[in-house]
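Q: Sequence plus the predicted model coming up.
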Amino acid sequence: MAAQTGKLILFRGGGSAVTLATIAAAVTCGGLDVRIEGDECVVRDLGKPATQPVRLRIGGGDGVRAIARKVADGVGRGRLDRALLADCDACVAIAWDFADTGDLVNTMMDVDERLEQRTGGVLYYTNSETLSPRTMRASPRDALRAEVRRVLAERRDVTAVDDVPNENALAVTIAGKRPTLFLDNLLRDLADLVGDAREAKLRSHVDAALATEESYATWAEAARHVVPAIRDAAYFTLAPDASRFCQRFFVPYVMSVIAVDYARWMSFATPDDLARWGVSEDVVYATALANLAPHAERGVVRQSDDTWRVESGDDYESSRLLLPGWLASFASRVAGRPVAAVPSRGRLYVTGEGSLGAVPTLAAFVARIYEADSRAISPALYTVDARGVVVPYRPASDPGDVVARGHRRLAERAR
């Protein structure tokens, strides 16, 4: 098992009403199982129960005061307002096994700000013994986007930088190209780095993604790197230049696109790419599906008696639903017609229509994930028709309207 890593929320504890119960309430959101176990608040990923949990404890005393003074004195890059830390004598300690928490660490980044707001404290990284002043006013993701924008602003070949809706990513216009920089992996890589080491890693990542990763010039180069991907229709309404991407209707308000994988970044294929490669859109889509097909069963695990999930760890979990016959193949593994959900890019679930209570449970579960995940795709459920083609799932009986609500929510967002 990897060594534990973590962080502290430092705050003034005198007269504070911060308890494990208030901490649990602050971090509870869709897709998380939050429980108080002894002297810890334990947070697990409902979608991936096999991964290690994140554990939160409340601490205090002279040890915390010493840490606060050390940070205030300017550890690492900490150009901090000393008054913010002068009276800190308590903390929420957050610890996890960094190698085995999956997407849970990314989710916890979103709740760090809630803990700061609830305690009136500041976020401190224990491994690196530092806290960037930017993180005191913004979430870690917002802070990193600001840092990457600063580096990009220094480059003369970069003419535009835009946030990508529903993604922790930036769309960059450089030398007539439009690559997308996805930042979640970079955020992890930088978590324990400070000062010059952090700056060097940040610049190296940006330079490698934009300078050395040239677009594939020929179809021979590109063919083995194309993969099908799913995005919600709202992405193509809001994302900068998204209308330029090759895209096809998949199911209502959900589109399929062609992802082009590079070593450090990913982009979506455009008609200009196809013209340069000298191939048709049909050929590229067929090749992308063929590239994914050998991995169709990778990471498919049983979550419960009649529910399965994809845990492949390749960022293309949801793409399996695009493979012809993939969902239909679950007919032998579930009770009744297979019913699937893709609430976000990295999550795909399948259950059986004939399993008592499975469908409404899945519908309620994915609705929570959809609202909480920054890479959301759809809160709706899907099944297959007589030909084995994926279609929206609309049961004859829908107690509580739970399935219909998912379809309505998706339509509302697309508008």
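A: Looks like it arrived, so ask away.
Q: Now for residue 399, how many residues are close by?
A: 9 (other C-beta atoms under 10 Å). Bear in mind the C-beta positions are built from the backbone N, C-alpha and C, glycine included.
Q: per-residue confidence for it?
A: As summarised for this prediction, residue 399 has a pLDDT of 83.
Q: Verify the stated contact: it with residue 360.
A: Yes. At 6.8 Å, residue 399 counts as touching residue 360 under the criterion of C-beta atoms under 8 Å.
Q: Which residues belonging to stretch 275-285 are considered buried?
A: Residues 277, 279, 284, 285 are the ones in stretch 275-285 that count as buried (16 or more other C-beta atoms under 10 Å).
Q: first vs last residue of it, how far apart are they?
A: Using C-alpha to C-alpha, to the nearest Å, one end of stretch 275-285 lies 14 Å from the other.
Q: try stretch 13-33
A: One end of stretch 13-33 sits 27 Å from the other (C-alpha to C-alpha).
Q: The stretch 1-150 of the chain: strands as residue ranges?
A: Counting by DSSP state E, counting those that start in this stretch, the stretch 1-150 of the chain has strands at residues 4-11, 32-37, 40-45, 54-60, 90-97, 122-125.
Q: Serialize those strands to TSV and add fields for mean pLDDT and mean neighbour count.
A: Listed next are these as TSV, based on pLDDT from 0 to 100; neighbours: other C-beta atoms under 10 Å:
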stretch	mean pLDDT	mean neighbour count
strand 4-11	76	22
strand 32-37	89	15
strand 40-45	87	21
strand 54-60	89	20
strand 90-97	84	22
strand 122-125	78	22
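Q: Just put the ones you listed in CSV and tack on distance to residue 184.
A: Conversion of these to CSV gives the following (distance: least, C-beta to C-beta, whole Å):
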stretch, distance to residue 184
strand 4-11, 17
strand 32-37, 17
strand 40-45, 15
strand 54-60, 16
strand 90-97, 16
strand 122-125, 17
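Q: Identify whichever of those strands lies nearest to residue 272.
A: With C-beta to C-beta as the measure, strand 40-45 is the member of the strands of the stretch 1-150 of the chain nearest residue 272 (39.1 Å).
Q: Who are the packing partners of that closest one?
A: Strand 40-45 sits against helix 20-27, strand 32-37, strand 54-60, helix 104-119, with contacts defined as 3 or more C-beta pairs under 8 Å, 6 or more residues apart in numbering; DSSP states H and E.
Q: what number of residues lie near residue 291?
A: Using other C-beta under 10 Å, residue 291 has 17 neighbouring residues.
Q: in which helix or strand would I find it?
A: Counting by DSSP states H and E, the element that carries residue 291 is helix 281-292.
Q: who touches that helix?
A: Residues from elsewhere that reach helix 281-292 (C-beta atoms under 8 Å, 6 or more residues apart in numbering): 223-228, 246, 248, 256, 258-259, 269, 271, 274, 277, 316, 319-320, 322-324.
Q: Please indicate which of these are buried?
A: 223, 225-228, 246, 256, 258-259, 269, 274, 277, 316, 319-320, 322-323.
Q: Out of those, which sit inside helices?
A: 274, 277 (DSSP state H).
Q: circling back to that earlier point, turn the helices and strands packed on strand 40-45 into TSV, columns for distance to residue 337.
A: Compiled in TSV, the helices and strands packed on strand 40-45 are given as follows (distance: least, C-beta to C-beta, whole Å):
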stretch	distance to residue 337
helix 20-27	36
strand 32-37	28
strand 54-60	36
helix 104-119	31
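Q: Could you say which one of the ones you listed comes nearest to residue 69?
A: strand 54-60 (14.4 Å).
Q: Run through the neighbouring helices and strands of that closest one.
A: In this structure, strand 54-60 makes packing contacts with helix 20-27, strand 40-45, strand 90-97, helix 104-119, judged by 3+ C-beta pairs under 8 Å, 6+ apart.
Q: Thank you kindly, that will do.
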